[in-house]
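Engineer: Quick check, what structure comes out for this input:
(2 chains)
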Amino acid sequence: LTLYIARGYIKPVTAMQEPTLLILTALAGGRRHGYGVIREVGELSGGRLRLSAGTLYRALDRLVGEGLVTAAGEEIVDGRLRRYYQLTEDGTRALQAEAERMRAQAEAVLDRLKDAARPRRGRARPAFASA
Amino acid sequence: MNDAIERRYHRLLMAYPARYRAERGEEIVATLLEAAPPGRRWPTAREAVDLLGSGLVARLGFGHVPALAAGAAIAAPVALAAAGGLGAFEWVPAVGLPPYYSQPPDVLEPGGLARLVWPVVALAAAAAPRVGRVLIAGGLVLTGWVASTYVAAGLYGSLGALAMLAVFGLIAAIGWPRPAGPAHRLTVALGVPVVLAATMLVGIRLPVDPVYGWSPQPLRVPFGWLPGEPFHPLAPTGTGFVLLAGVVLIAVARWREPRWIWAAVLLAVPAGGLARMLVELLHAETTTPRPTYAELLVSVPAFAGGALAAIWLAGQTRSRRASEAKPSAERGLAIVATAALAGAAGLSAGWWLIELRILRGRDPTFPYGIYEPIPVAGRIAFAAWSVAAVGFAVAGPRVGRWLTWVALASTVAAALADDAMARGSEVPPLIILATLALLAMPGRATRAQRLGVIMAAVGLAAVAVVIVVAQDDDSDRYAQLAAWIAALASIPYAIAAAAAAVAVRAGGGRRLAAAGVLVVSTVALSAVLLSFTAHLMAVVLASAAALVGLGAAVVRWFNRTARTPRAG
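Structural biologist: Sure thing, here's the model as predicted:
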């Protein structure tokens, strides 16, 4: 079902978008403030994903709205406001589910690759180019 | 030193709504400062675009609708590909053939530039997705500038195509995914030539009839591989229809997933705008001199589709948050009411300007019998809406609500007072007044936001003023103006319907009123649609049905073939 719409338009690679996933993962390590999340996401993605503040807060607003993340206290450091965030139980559960989904998917891919290495059986199927 | 950059960040944060700033501003600036390397004095371009974009998104309330952002992310690559392909199409003949344009076209001529910029932006964004949003923003700025020069010069013919490019670009700018995956990049990179090729194909297939003055001049493909093929400049209509059909398919196939529906809704707007040109096309081949208001409302199906999806979506998002349903629904209703009242005020101001023109005798005989001057009572009713909007803004909700009642009453009175209101023209003023009355319902029902009303009304009226004032007495341009205003008038129906859906969810005493609005807007929409000439309607419906049927067949086939490997 996913495939045919995906063909003409785009393929949703994961059910959860990558920044969302990484932000939740960053918060899985404990409560963090805005810049803490940015840094952590940068590390998690090997420096590939550099979140900017506007994007980060948009994502946080959305996640707070969905009840996956909640504010966890404020501090004043160097005269500046830091608000901390942490995962809620729902957030932990969602992240867990997503990780399992990704693992299942990865395993399916690896299985298929193993199959491909063996000689092919079954009927021929028309190949279609991914466009 | 550090203060300078802090001040600049604060200034950029002005893009956000005040309430949001009060709540989050300090925190965001602190994060920005922490992320900035020491000694930096200016925000980077990326930060600036990001903050302005996010602020705009927050202002538009996108953040409140969970699936909308995800939907925009889905729609963005498609929109960018469409903008790129259509821009390229518009540009190809521009280099090829002088007669269509009044001046010899030049690659560096602004209009040509505004078209060429989209394929360039699209391909560049596909190649360098990190700066995609900056590139798209650049394209929008350029297009906006060119559009403003067109308005100033009174070149409305080209404005429609530019506007659609801009809408596609806007969707791309809002939703450009970060990071953009290979699928996004591929969609854009392949989509541009596909859209271009499809549009050109349509352009060659469409019959060109040079007999009527209204009929567009045939353009000839400047390339060797299609020597001398007549080339219809309204070909983007076909692309619009194909896109619309695709959007309908998405909505049908993915009706359980709000983000797909939102993607469909977003794309339906510019696609419908393109499909609107079908009417101009059909009229080029019949003896009917010009498209009428109602026929130009062919864009209504697109808006109606959007409205239906919005109704359903409003219900979805509200019911999911049942616990907090009431306050957020109230807020949603207030926002919608603001937009609605502003729409009423802006529209009525626009009509007033047209009235003034006619009263002043610059155009005593309106060309094709579409339009009769509105009776005095009607004029008062129109004015009352502008007064109500200003009243809301200046004197607050209490006075504003009273004024809205007055406007509503004068509208009803005007409708009853003179039967000229209900006869004679293709779209009787009665329908326009009904539109305004419809807008009143949500506008009266809640506290509208004061500044929002006046800003939006002024904005709408300003657009109307620019269009009317920049007019000369060319009747073609009058027809186009009428078309745009008529298309604009279809928006309130959608707004009213969406507002009604929200209100129904909100419950309470407004439920009945909301249901009433829903019924009235549906009836009004049908009434507008029914004033189509029958054959035109049949053609539109048949081609839409054929497209959808074809699409469904393809989907079924693809679904069958695609499902087999997954079963293993």
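Engineer: Sticking with residue 113, tell me its helix or strand.
Structural biologist: Since you didn't name a chain, this refers to chain A. helix A:89-117 (DSSP states H and E).
Engineer: wrong chain, I was asking about chain B
Structural biologist: Counting by DSSP H and E, B:Leu113 is part of helix B:110-127.
Engineer: And the pLDDT at A:Gly65?
Structural biologist: In this model, A:Gly65 is scored at 74, pLDDT.
Engineer: Kindly report the same for B:Val49.
Structural biologist: For B:Val49, the predicted pLDDT is 81.
Engineer: how about the strands in chain A?
Structural biologist: Secondary structure of chain A (DSSP state E): strands at A:32-33, A:69-77, A:80-87.
Engineer: hmm, the helix holding A:Leu113 touching chain B?
Structural biologist: No. Applying C-beta under 8 Å from any C-beta of the partner chain, one finds helix A:89-117 separated from chain B by no less than 8.5 Å. (C-beta placed from N, C-alpha, C; glycine too.)
Engineer: how near is the residue most central in space within chain A to B:Ile171?
Structural biologist: Geometric centre of chain A, nearest residue: A:Leu21, 2.2 Å, by C-alpha atoms, centre = their mean. The gap separating A:Leu21 from B:Ile171 is 24 Å, by C-beta to C-beta, to the nearest Å.
Engineer: cool, and B:Arg130?
Structural biologist: 19 Å.
Engineer: Who has more neighbours out of the two?
Structural biologist: B:Ile171 (26 against 15; other C-beta atoms under 10 Å in any protein chain shown).
Engineer: before we move on, what SS does the more buried one have?
Structural biologist: Under DSSP: H, G, I helix; E, B strand; the rest coil, B:Ile171 falls in the helix class.
Engineer: returning to that earlier point: go through the helix holding B:Leu113 and flag the buried ones.
Structural biologist: B:111-126 (16 or more other C-beta atoms under 10 Å in any protein chain shown).
Engineer: other SSEs contacting it?
Structural biologist: Judged by 3 or more C-beta pairs under 8 Å, 6 or more residues apart in numbering or on different chains; DSSP states H and E, the packing partners of helix B:110-127 are helix B:66-96, helix B:132-153, helix B:159-175, helix B:182-205.
Engineer: hang on, the earlier thing: and the closest residue in space to the residue nearest to the centre of chain A that isn't next to it in sequence, how many neighbours?
Structural biologist: Excluding the flanking residues, the one nearest A:Leu21 by C-beta to C-beta, 6 or more residues apart in numbering or on different chains is A:Glu98, at 6.3 Å. Counted by other C-beta under 10 Å, the residues lying close to A:Glu98 total 17.
Engineer: confidence score at A:Glu98?
Structural biologist: We have a pLDDT of 86 for A:Glu98.
Engineer: A:Tyr85 now?
Structural biologist: On the pLDDT scale, A:Tyr85 gets 90.
Engineer: ok, so of the buried residues of helix B:110-127, who is nearest chain A?
Structural biologist: For the buried residues of helix B:110-127, the minimum distance to chain A (C-beta to the nearest C-beta) is 12.3 Å, reached by B:Ala126.
Engineer: what stretches of the stretch 51-200 of chain B score poorly on pLDDT?
Structural biologist: B:57-68, B:91-112, B:148-161, B:178-180 (pLDDT under 70).
Engineer: check contacts around residue 84.
Structural biologist: Going with chain A. A:Tyr84 makes contacts with A:31-33, A:71-75, as judged by C-beta atoms under 8 Å, 6 or more residues apart in numbering or on different chains.
Engineer: Let me rephrase: I mean chain B.
Structural biologist: B:118-119, B:121-123, B:188, B:191-192, B:195-196.
Engineer: Can you tell me how far it is from B:Ala183?
Structural biologist: B:Gly84 is 17 Å from B:Ala183, by C-beta to C-beta.
Engineer: what do you get for A:Ile76?
Structural biologist: 44 Å.
Engineer: if we can go back for a sec, my guess is the residue nearest to A:Leu21 contacts A:Glu18. True?
Structural biologist: No. Between A:Glu98 and A:Glu18 there is no contact under C-beta atoms under 8 Å: 11.0 Å.
Engineer: sorry, back to before: please identify which of A:Ile76 and B:Ala183 sits among more neighbours.
Structural biologist: Shown here are A:Ile76 and B:Ala183; by other C-beta under 10 Å, B:Ala183 has more neighbours (17 against 10).
Engineer: quick one: pLDDT of B:Ala553?
Structural biologist: 47.
Engineer: cool, and B:Thr404?
Structural biologist: Here the pLDDT value assigned to B:Thr404 is 72.
Engineer: for the one 10 residues further on, same thing?
Structural biologist: According to the model's per-residue confidence, B:Ala414 sits at a pLDDT of 66.
Engineer: circling back to that earlier point, out of the contacts of A:Tyr84, which touch chain B?
Structural biologist: The residues of the contacts of A:Tyr84 that also fall near chain B, by C-beta under 8 Å from any C-beta, are A:His33.
Engineer: May I see the PyMOL selection of the buried members of the contacts of A:Tyr84?
Structural biologist: A single PyMOL command is used to select the members of the contacts of A:Tyr84 judged buried by 16+ other C-beta under 10 Å:
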select buried, chain A and resi 32+33+72
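Engineer: Turn the contacts of A:Tyr84 into a markdown table, columns for pLDDT and distance to B:Ala147.
Structural biologist: Formatted as a markdown table, the contacts of A:Tyr84 follow (pLDDT from 0 to 100; distance: C-beta to C-beta, whole Å):
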| residue | pLDDT | distance to B:Ala147 |
| --- | --- | --- |
| A:Arg31 | 85 | 48 |
| A:Arg32 | 86 | 44 |
| A:His33 | 86 | 43 |
| A:Ala71 | 83 | 43 |
| A:Ala72 | 81 | 48 |
| A:Gly73 | 81 | 49 |
| A:Glu74 | 80 | 46 |
| A:Glu75 | 80 | 48 |
